[in-house]
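Participant: coords please:
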Amino acid sequence: MTRLNNTIEKSMFYGAKPDIFEKARLLRFNMTKEEKVLWSILRNNKMLGLRFKRQHPIYRFIADFYCHKIKLVIEADGKTHLKDENKEYDTNRNCEMEKFGITVLRFENEEINDKLENIKLCIENKCKELLMANAHPSLTE
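Facilitator: Next comes the predicted model:
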């Protein structure tokens, strides 16, 4: 793997280690059906011209989708995320990401399958909100 300069690594990958990059690369080849559906609406800057990356390393985690410009993570959660021990892990993971100023949106696979238009609208609204906050930081203080 080619190493990026430290500034990019710290700002975009939040110090992720090489093993996380390798796991992310493997996950890109094994996306779930729901991740593929979300990727179809996020890829190629389709969402408000924003660039999302799939299976993106962040610190010790791998985000399903990440837009660095607005610091937004989007997660597609399968049934395993409904178990109590996984709910706690996800909550802690969200807290860790929030320490980096990252917003996390989570959608259950069932929602993605049954209510895609609502999901798209939710993502678009959150993107607009974060873009506005970046353009006018005083509005969020």
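Participant: and the nearest residue to residue 14 once chain neighbours are set aside, what does it touch?
Facilitator: Among residues not flanking residue 14 along the chain, residue 59 sits closest, at 4.3 Å (C-beta to C-beta, 6 or more residues apart in numbering). The way it works is simple: take the backbone N, C-alpha and C, and place the C-beta from them, glycine included. Residues in contact with residue 59 (C-beta atoms under 8 Å, 6 or more residues apart in numbering) are 13, 14, 15, 16, 96, 97, 100.
Participant: Tell me the backbone dihedrals of the third one, please.
Facilitator: Right, the one you point to is residue 15. The phi/psi pair for residue 15 (degrees, to the nearest 10) reads phi 80, psi 20.
Participant: And the fourth one, by the same measure?
Facilitator: Backbone torsions for residue 16, taken as degrees, to the nearest 10, come to phi -60, psi 140.
Participant: Look at it and say how many residues are nearby.
Facilitator: Neighbour count of residue 16, defined by other C-beta atoms under 10 Å: 20.
Participant: From residue 55, how far out is it?
Facilitator: Here residue 16 is placed at a distance of 12 Å from residue 55 (C-beta to C-beta, to the nearest Å).
Participant: ditto for the third one
Facilitator: With distances defined as C-beta to C-beta, the gap from residue 15 to residue 55 amounts to 17 Å.
Participant: And residue 134, which helix or strand is it part of?
Facilitator: Residue 134 belongs to helix 116-135 when assigned by DSSP states H and E.
Participant: what packs against that helix?
Facilitator: Helix 116-135 is packed against helix 33-42, strand 72-77, strand 103-108, helix 109-114, with contacts defined by 3 or more C-beta pairs under 8 Å, 6 or more residues apart in numbering; DSSP states H and E.
Participant: Of those, which is nearest residue 120?
Facilitator: Of all those, helix 33-42 sits nearest to residue 120, with 5.6 Å by C-beta to C-beta.
Participant: buried residues in that closest one?
Facilitator: Using 16 or more other C-beta atoms under 10 Å as the test for burial, helix 33-42 gives 34, 35, 37, 38, 39, 42.
Participant: Tell me the one of those nearest residue 78?
Facilitator: residue 34 (7.5 Å).
Participant: List the contacts of the spatially closest residue to residue 74 that is not a sequence neighbour.
Facilitator: Leaving aside its chain neighbours, residue 74 sits nearest to residue 65 (4.2 Å; criterion: C-beta to C-beta, 6+ apart). Neighbour list for residue 65: 38, 39, 42, 52, 53, 54, 56, 73, 74, 75 [criterion: C-beta under 8 Å, 6+ apart].
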